[in-house]
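1. Attaching a predicted model along with its sequence, questions to come.
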Amino acid sequence: MLLSGLTNTVYRILIIDDDIQNIFVLEDILSPLGNIYFSESGSNAFALIDKIKPDVILLDIEMPDMDGWQVCRALKADPRYSDIPIIFITGHTEPEFERLALESGGVDFITKPFNASICCLRVHTQLQFRQQNHLIVKAKEELQQLVNQVPMLITYWDSSGNNLFSNDYSGAWFETLVGHIDGQHISAIFPAELSAAVLRHQKQTTSEPLKYIVTVKNQLGMSFYEVFQSKMKSSAGVDGYLVTVVDVSEVKHAKQALYSEKERLRVTLNSIGDAVIATDTRGLITFMNPIAERMTGWRIKDALHQKIESVMQLRDSNTRHTLLNPLYIALREQRIVAMALNSQLTARGGQVFAVEDSAAPIRNENGEVIGAIMVFHDVSEAMAMAMKMSHLANHDQLTDLPNRILLQDRLSVACSAAESFGNKAAALLVDIDHFKYLNDSLGHQLGDEMICLMTQRLRSLIPPSYTLARLGGDEFVILMSDAHSVEASSVLAAKLVEAMHEPFILAAKNLVYRSVSGLVFFLTMLKMLKN
């Protein structure tokens, strides 16, 4: 029953007594509690104590060479042995002896003759205390080790702001923490901004932790500390408050940098002339810039988490067939994909844009695809301008007829087709007789009007399949790409000559231009391919 409160630890019990008979009696009584060691001399006991490091010492008071008082005082003065409990054993029953025993550092007093039960209980009690003290010391050491290793500054202050504890012994947090700081005021230890904040929040402090952020200026710029402050009563019963400090500067700076980067990206995306749409790996929209909103007709709040093909409807401009959005190809093949040619975007309101550009996958820091981005722009005006420039390059500005460049191209095509299919092709060269005289005498404005009237009449006399071109000045060419015979060309030429006998009325001068011979035409066969 006595051993029920003890662990499996084997305790070492040292008996110091010059009477060997007492030693034998005590050994018989205490052997169930642990291993028994003994010394018959106080002076010789020190070597044995150093060797076995006993858990409890039973010390006789009256011994010849060195009495129990002297042995006890020597042990308590040595830091190595001062925590070993000492129980005095003596035949004296006077209260004075018990007082001296306790004053010398003893923890208990056993009188002779020994009562086995009481003696065993007293030693057992001290062993229990010893065991609990060991557990407490070990727990404190582990707690201290844990406190020393946690990435935060832990401090304890009394109600006046004087330091009672700090887990920083090397000045890793603040240089003022180096050395002995117990009793120093918080304003002499913490940076001014931090100490002022702690003192300011002292009245608000309760047992529940109060949390706030303090910004401290230093040589490197700004440091940010997260403070947890709460009331606490120490083991000695001193009222105070616990202050733990966590350096969140790295996180704060990272958040600020991330916010700045996101803000720059947002401003950039909102300022560029291209439309931008971002999606996740499933093609669900996560971002749209204002240009994309305008071109698709969707607001970002409505388009979020919508499939991109629902918002960005792409069709082939020629066939009007629905096109696969290149963003899906970029996600599937994990590469940059250009948009198909002749793509057009139909906005939510029905407006149609000719668009072009590309899609690319978005990767995280590990290179994993986490989404895709679509960048496109309106090329409707560019395509219209390109068509206009192409038209201007191939057509006469005055009459809008094909010019020499386009005529040359159509002549080549007509000759190649006639040769390939066994057809015939012919070309008639037409100019206006005395046009230079008309132009010089009446002015270039009437000359240009004459050219336009000539164009209108020639167009009305030839089939739509024929090409009417102006070479320059008063020269025109009629290309018959599918002439059945030479006679057909002659018939058309005669028809043109007959029609030209009709006068041309120049409205600007109210003049009628007529010639006895009419307008003289030079009909020249440029090319005739026979079967």
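-> Looks like it came in fine.

2. Strands of the stretch 101-250 of the chain, start to end?
-> 108-111, 153-158, 163-166, 210-218, 221-233, 239-247 (DSSP state E, counting those that start in this stretch).

3. wait, which of the ones you listed is closest to K388?
-> strand 221-233 (57.9 Å; C-beta to C-beta). C-betas here are computed from N, CA, C, even on glycine.

4. sec struct for the closest residue to I36 other than its chain neighbours, please.
-> Excluding the flanking residues, the one nearest I36 by C-beta to C-beta, 6 or more residues apart in numbering is E27, at 4.6 Å. Classification of E27 using DSSP: H, G, I helix; E, B strand; the rest coil returns helix.

5. Surely E27 and I20 touch.
-> No. Using C-beta atoms under 8 Å, E27 is not in contact with I20; the gap is 10.2 Å.

6. quick one, which of those two is more surrounded?
-> E27 (14 against 10; other C-beta atoms under 10 Å).

7. what's near enough to touch that one?
-> I15, I36, F38 (C-beta atoms under 8 Å, 6 or more residues apart in numbering).

8. What about those residues, which one has the most neighbours?
-> Result: I15 is most packed of the contacts of E27 (other C-beta under 10 Å), 25 neighbours.

9. How much space separates that residue from I49?
-> 12 Å (C-beta to C-beta, to the nearest Å).

10. cool, V413 as well?
-> Counting by C-beta to C-beta, the gap from V413 to I49 is 120 Å.

11. Compare the two and say which is more crowded by neighbours.
-> Neighbour totals were compared for V413 and I49, and I49 leads with 21 against 14 (other C-beta under 10 Å).

12. ok, that one touching L14?
-> Yes. With contact defined as C-beta under 8 Å, I49 reaches L14; the gap is 6.6 Å.

13. what touches both of the two?
-> Taking C-beta under 8 Å, 6+ apart as the contact rule, the neighbours common to I49 and L14 are I57.

14. how about A488, what does it touch?
-> A488 neighbours (C-beta under 8 Å, 6+ apart): A426, M480.

15. And the one 4 residues further on, by the same measure?
-> Contact criterion C-beta under 8 Å, 6+ apart gives L428, I462, I478, M480 as the residues in contact with L492.

16. Give the helix, strand or coil label for the closest residue to the last one other than its chain neighbours.
-> When you say that, I think you mean M480. Nearest non-adjacent residue to M480, counting by C-beta to C-beta, 6+ apart: A426, 4.4 Å away. What three-state DSSP gives for A426 is strand.

17. And A426, how far from M454?
-> Taken as C-beta to C-beta, the span from A426 to M454 is 20 Å.

18. Show me which of these two is the more surrounded one.
-> Between A426 and M454, counting by other C-beta under 10 Å, A426 is the more crowded of the two (28 against 21).

19. so the more buried one touches V486, yeah?
-> Yes. With contacts counted by C-beta under 8 Å, A426 reaches V486, the gap being 7.5 Å.

20. re earlier: farthest pair within the contacts of L492?
-> L428 and I462 (9.2 Å).

21. Look at E40 and say how many residues are nearby.
-> Residues contacting E40 under the criterion other C-beta under 10 Å number 17.

22. which residue sits closest to it in space, ignoring its chain neighbours?
-> D18 (5.3 Å).

23. Now do the same for that neighbour: its pLDDT.
-> D18 carries a pLDDT value of 89.

24. what does F521 give?
-> So F521 comes in at 33 (pLDDT).

25. do the same with A116
-> For A116, pLDDT reads 90.

26. ditto for the one 3 residues further on
-> Here, the pLDDT recorded for C119 equals 91.

27. got it, and R514?
-> 44.

28. Check D274 too.
-> If you check D274, the pLDDT there is 86.

29. repeat for D55
-> pLDDT, D55: 92.

30. Now do the contacts for the residue lying closest to it once chain neighbours are set aside.
-> Excluding the flanking residues, the one nearest D55 by C-beta to C-beta, 6+ apart is Y11, at 4.5 Å. For Y11, the contacting residues are L33, G34, N35, D55, V56, L127, R130, by C-beta under 8 Å, 6+ apart.

31. any idea which of the residues you listed has the most stuff around it?
-> Most surrounded of the contacts of Y11: other C-beta under 10 Å gives V56, at 26 neighbours.

32. quick one: low-confidence ranges for the stretch 101-250 of the chain?
-> 143-144, 146-149, 178-180, 234-238 (pLDDT under 70).

33. Swap in 80 and give it another go.
-> Along the stretch 101-250 of the chain, segments meeting pLDDT under 80 span 101-102, 139-151, 167-172, 175-182, 205-207, 219-220, 233-239.

34. Check the stretch 401-531 of the chain too.
-> 418-425, 433-434, 437-443, 481-489, 501-531.

35. Going along the chain, name the strands of it.
-> 424-430, 467-472, 475-483, 504-506, 511-513.

36. ok, the third one: who's next to it in the sheet?
-> Which is strand 475-483. strand 424-430 (antiparallel), strand 467-472 (antiparallel) (DSSP bridges).

37. Take those strands and lay them out in JSON lines including distance to L438.
-> Rendered in JSON lines, the data for the strands paired with strand 475-483 read as follows (distance: least, C-beta to C-beta, whole Å):
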{"stretch": "strand 424-430", "distance to L438": "16"}
{"stretch": "strand 467-472", "distance to L438": "16"}
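
38. Go through those and name the closest to K112.
-> So among the strands paired with strand 475-483, strand 467-472 is nearest, using C-beta to C-beta, at 142.8 Å.

39. which of the residues in the closest one are buried?
-> T467, L468, A469, R470, L471 (16 or more other C-beta atoms under 10 Å).

40. Pipe these into a markdown table and attach distance to L506 per row.
-> Below are the buried residues of strand 467-472 laid out as a markdown table (distance: C-beta to C-beta, whole Å):
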| residue | distance to L506 |
| --- | --- |
| T467 | 27 |
| L468 | 21 |
| A469 | 24 |
| R470 | 19 |
| L471 | 23 |
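
41. Show me the helices in the stretch 251-400 of the chain, by range?
-> With DSSP state H, counting those that start in this stretch as the criterion, the stretch 251-400 of the chain has helices at 290-296, 300-303, 308-311, 326-333, 380-394.

42. How far off centre is stretch 306-322?
-> Centroid separation between stretch 306-322 and its chain, computed with C-alpha atoms, centre = their mean, to the nearest Å, is 31 Å.

43. What mean pLDDT does that stretch get?
-> Mean predicted lDDT for stretch 306-322 stands at 89.

44. quick one: terminal-to-terminal distance for stretch 34-46?
-> 20 Å (C-alpha to C-alpha, to the nearest Å).

45. Any idea which of the helices of the stretch 251-400 of the chain gets closest to A74?
-> The nearest among the helices of the stretch 251-400 of the chain, by C-beta to C-beta, is helix 326-333 at 83.7 Å.
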